[in-house]
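K.L.:
Coordinates for the following, if possible.
(2 chains)
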Amino acid sequence: MSDGINLELDLRDFLRGMKLAERQFDHALARALSRTAFEIRDAERREAESIFDLTPRGAKFLAGPTAYRVKPARPGELVAEVAARPATAGILAKHVQGATLTAASGDTLKAGGKVAIPVEGLRGASGRIPARLTPVKLLAPGGAGFIRGGALLARVGRKGAKRLRMVLSLTPRAKIPARFDFHRVAAETARRVFPAKVREELAKVRGPK
Amino acid sequence: MKLRIHRAEVVRILLAWHARLGDAIPELAAKLEEGPAAFEAAWLAYTAESLAAVELELECAAEGAPRA
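P.N.:
Below is the predicted model of the structure:
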């Protein structure tokens, strides 16, 4: 008789344990999703480093630890998200979709109604062009620059040793190819790492105590 | 980029996990008699075996990709 009562209590405990074990699957899947999302974030950073010739400033925006944010999954909502932060997305979007820049494009240097492209070596370590060599400064009244053909030239050097230097080349439009395939990198990484993450996390699901 | 596991996939896991549980109960119960460590090992082995053939589908949605 007493055995019967004990068995009933044990079974109830066991079934409660089973329910708890079932809930652990949701936790395991959420962890697998989140870990996959962090792998994608790191893959995007590596991709940016490999395809762009980045200055320290560019590296911070496109490949730095905070360039992409991960929103982890939760057991109740099995969705994880990887997205470029706004400052990163603003720069990346042109390289993800491709773009044609003209003088009317907001985010570019321009001179004489054309897009102004800095010659190699003009940018400093920061990735920026020295203020004195921007079209606005060079072409201001009394400035050292002037436009000839498809170039913005600047008079440089001291009196007696003056010379002309080409600073910016001018073009009606500049094409930016689509070469940063954010989605492909993410999908390939997910396909590669997700199965193992799931296996690892499911293997940790504990039984009834 | 959004990674999503649909509830149907979770149900698939639970079904696979439950599928052979009835047959495995006697062995699990015997391990329970042996002690917590033996039971835990048997339990993990059962979980791994029952889910070995399950391949989960992961949806990768392009939401969140950088856009102008």
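
K.L.:
rest of the way, CA atoms for contacts and neighbours
P.N.:
Fine.

K.L.:
Who are the contact partners of B:R4?
P.N.:
By CA atoms under 8 Å, 6 or more residues apart in numbering or on different chains, the residues touching B:R4 are A:L33, A:L78, A:V79, A:A80, B:L58, B:E59, B:C60, B:A61.

K.L.:
Please name the bridge partners of the third one.
P.N.:
As for beta bridges, A:V79 partners with B:R4 under DSSP bridges.

K.L.:
max-length helix in the chain?
P.N.:
No chain in the question, so chain A it is. Among the segments of chain A that qualify as a helix by DSSP state H, the longest is helix A:2-51.

K.L.:
hmm, I had chain B in mind actually
P.N.:
helix B:36-51.

K.L.:
which of the residues in that one are buried?
P.N.:
Buried residues in helix B:36-51, counted by 16 or more other CA atoms under 10 Å in any protein chain shown: B:F39, B:E40, B:A42, B:W43, B:L44, B:Y46, B:T47, B:A48, B:S50, B:L51.

K.L.:
per-residue confidence averaged over stretch B:46-66?
P.N.:
The average of the pLDDT scores along stretch B:46-66 is 82.

K.L.:
er, stretch A:65-81 I mean
P.N.:
On average, stretch A:65-81 scores 94.

K.L.:
quick revisit: ok, so of the contacts of B:R4, who is nearest A:L109?
P.N.:
The nearest member of these to A:L109, counting by CA to CA, is B:A61 at 35.0 Å.

K.L.:
Skipping its backbone neighbours, what lies nearest the closest one in space?
P.N.:
Among residues not flanking B:A61 along the chain, B:K2 sits closest, at 5.1 Å (CA to CA, 6 or more residues apart in numbering or on different chains).

K.L.:
backbone phi and psi for that neighbour, please?
P.N.:
phi -110, psi 130 (degrees, to the nearest 10).

K.L.:
Assess the claim that it and B:E63 are in contact.
P.N.:
Yes. With contact defined as CA atoms under 8 Å, B:K2 and B:E63 form a contacting pair (5.9 Å).

K.L.:
Have a look at those two and say which one is more surrounded.
P.N.:
Shown here are B:K2 and B:E63; by other CA atoms under 10 Å in any protein chain shown, B:K2 has more neighbours (21 against 14).

K.L.:
Okay, that one and A:G90: tell me how far apart.
P.N.:
As judged by CA to CA, to the nearest Å, B:K2 and A:G90 stand 19 Å apart.

K.L.:
ok, then the element right after the longest strand along chain A?
P.N.:
Counting by DSSP state E, the longest strand found in chain A is strand A:163-171. Reading on from strand A:163-171 to the C-terminus, the next helix or strand found by DSSP states H and E is strand A:173-176.

K.L.:
Please name the strands paired to that following strand in the sheet, noting orientation.
P.N.:
strand A:99-102 (antiparallel).

K.L.:
So which bits of the partner strand are buried?
P.N.:
So strand A:99-102, judged by 16+ other CA under 10 Å, has buried residues A:L101, A:T102.

K.L.:
next one: stretch A:42-52
P.N.:
For stretch A:42-52, burial by neighbour count (16+ other CA under 10 Å) applies to A:D42, A:A43, A:E44, A:R45, A:E47, A:A48, A:E49.

K.L.:
can you list contacts of it?
P.N.:
With CA under 8 Å, 6+ apart as the test, stretch A:42-52 has contacts from A:A59, A:L62, A:A63, A:G64, A:P65, A:A67, A:R179, A:F180, A:F182, A:V185, A:A186, A:T189.

K.L.:
one more time with 7 Å
P.N.:
A:L62, A:A63, A:G64, A:F182, A:V185 (CA atoms under 7 Å, 6 or more residues apart in numbering or on different chains).

K.L.:
near chain B, from those residues?
P.N.:
Filtering the contacts of stretch A:42-52 for proximity to chain B by CA under 7 Å from any CA of the partner chain leaves A:F182.
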